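Student: Give the three-dimensional model of this entry:
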Amino acid sequence: MEGQISLFDFMAKEFQPGDWIEECCLGRELTFNEITDMVGKLIVMDMSTESHNWYKVVQVEKIVEGDSGRRRLVYYDGKRQRGLVDEIYFDPQRSRPEKTYTLKTD
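Tutor: Okay, here's the model as predicted:
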């Protein structure tokens, strides 16, 4: 067992778009095709830097298709302006592909 037990450890965690979470709350990694079936649901985006791991809860708002035929993820992260990520950034062949996860459910 790691760390100290807190009263809050026994409360159900309800996440909102924009919440920053710990790595222990991550579920399995998602592909872009899986994300397209999760419109309206919460997922976790990896916003990590070279020096620190950061994970942010976002809501999949919609998937749009551009003129080139490429799809884009539009997400809500608690701010006024929506986030936008092109499908090409999820390509595992890239040096640092975009990573998304489900929220861990106990």
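Student: all strands for this protein, in order.
Tutor: For the chain, the strands defined by DSSP state E occupy 20-21, 26-30, 42-46, 55-65, 71-76, 83-86, 100-103.
Student: need those strands in CSV with distance to P92, mean pLDDT and mean neighbour count, can you?
Tutor: Bear in mind the C-beta positions are built from the backbone N, C-alpha and C, glycine included. Output for the strands of the chain, formatted as CSV (distance: least, CB to CB, whole Å; pLDDT from 0 to 100; neighbours: other CB atoms under 10 Å):
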stretch, distance to P92, mean pLDDT, mean neighbour count
strand 20-21, 23, 95, 14
strand 26-30, 10, 96, 14
strand 42-46, 13, 98, 20
strand 55-65, 19, 97, 17
strand 71-76, 16, 97, 19
strand 83-86, 15, 95, 15
strand 100-103, 13, 97, 18
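Student: how about those strands, which one is nearest Q93?
Tutor: Closest to Q93 of these, according to CB to CB: strand 83-86, at 14.6 Å.
Student: and the closest one, what does it pack onto?
Tutor: strand 71-76 (3 or more CB pairs under 8 Å, 6 or more residues apart in numbering; DSSP states H and E).
Student: Now do the strand it packs on against strand 42-46, angle only.
Tutor: Interaxial angle, strand 71-76 versus strand 42-46 (axes from the mean of the first three to the mean of the last three CA atoms, to 10 degrees): 110 degrees.
Student: Distance to Q4 added to the strands of the chain, as JSON lines?
Tutor: Shown next, in JSON lines, are the strands of the chain (distance: least, CB to CB, whole Å):
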{"stretch": "strand 20-21", "distance to Q4": "19"}
{"stretch": "strand 26-30", "distance to Q4": "22"}
{"stretch": "strand 42-46", "distance to Q4": "25"}
{"stretch": "strand 55-65", "distance to Q4": "22"}
{"stretch": "strand 71-76", "distance to Q4": "34"}
{"stretch": "strand 83-86", "distance to Q4": "35"}
{"stretch": "strand 100-103", "distance to Q4": "24"}
